[in-house]
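Chemist: what shape does this take:
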Amino acid sequence: MRRVTYSMGVSLDGYIVGPDGGFDWTAPDEEVFRSSIDEIREVGVHLLGRRLYETMLYWETADQDPSLDDSMLEWAALWNPLPKVVFSTTLSAVRGHARLASGGVAEEIERLRAEPGEGDIAIGGAALAAEVAASGLIDEYRARVHPVLVGGGIPFFPQHERRVDLELVETRTFSSGVLYLRYRVTR
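Modeler: Numbering: from 1, shown residues only. Have a look, this model is predicted:
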């Protein structure tokens with residue numbers, strides 16, 4: 001069965017976006033960006049909330065930017081053809097290899113798991129991840145912990161009323177001080 005993964009950059013105090021809405025502190029250096037490229041290679045479909053979808057629209061035409069380096073062009077070449085499902089109540093259309101979800105996220109995940117296909121089902125965006133986590137559908141949490149305290153904002157880990165036990169399956173420390181943590185949910 002396909003794994004459902006949730007992967008984002010996070011501050012040491014647990015936020016993916018600071019209180020001002022900024023996330024400039026998550027800008028990866030070459031080493032961290034290469035790890036993101038390796039991770040996206042494992043993804044078969046990406047589920048996104050509206051805000052992350054709109055942020056990632058940049059990559060739809062990024063390959064036309066002559067200032068991009070080879071790793072950014074590689075990311076764009078992997079991201080653009082990747083199937084994406086966008087969950088939004090305000091968008092009426094999406095672009096590229098994206099489609100609007102027609103139902104709830106739990107139903108979409110179950111449908112995707114039942115279909116033949118390879119690669120992880122990746123979740124992007126804290127609000128969407130919180131809904132998936134509340135349904136008990138996340139199999140792995142992957143955090144790139146940045147050496148910064150932002151003091152508030154949107155939390156990486158959703159607030160819910162149940163305990164979730166995790167098993168550490170991978171760690172990596174980057175020269176920039178970013179720490180990669182990969183946990184599998186134990187069931």
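
Chemist: what number of residues lie near Met56?
Modeler: The criterion is other Cβ atoms under 10 Å. On that basis, Met56 has 19 neighbouring residues. C-beta coordinates here come from the backbone N, C-alpha and C atoms, glycine included.

Chemist: can you tell me how far the residue at the greatest distance from the centre of the chain sits from Leu57?
Modeler: Centroid-distance maximum for the chain: Pro66 at 26.3 Å, with Cα atoms, centre = their mean. Pro66 is 19 Å from Leu57, where distance means Cβ to Cβ, to the nearest Å.

Chemist: ok, Ala76 touching Asp69?
Modeler: No: assessed by Cβ atoms under 8 Å, Ala76 is found out of contact with Asp69, at 11.1 Å.

Chemist: more neighbours: which of the two?
Modeler: Using other Cβ under 10 Å as the criterion, Ala76 and Asp69 rank with Ala76 on top: 19 against 9.

Chemist: so which bits of whatever helix or strand that one lives in are buried?
Modeler: For Ala76, the host element (DSSP states H and E) is helix 70-79. By 16 or more other Cβ atoms under 10 Å, the buried positions in helix 70-79 come out as 72, 74-76, 78-79.

Chemist: what would these look like in TSV with distance to Arg50 and pLDDT?
Modeler: Supplementary listing: these in TSV, determined by distance: Cβ to Cβ, whole Å; pLDDT from 0 to 100:
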residue	distance to Arg50	pLDDT
Met72	24	92
Glu74	26	95
Trp75	21	94
Ala76	21	93
Leu78	22	95
Trp79	17	95
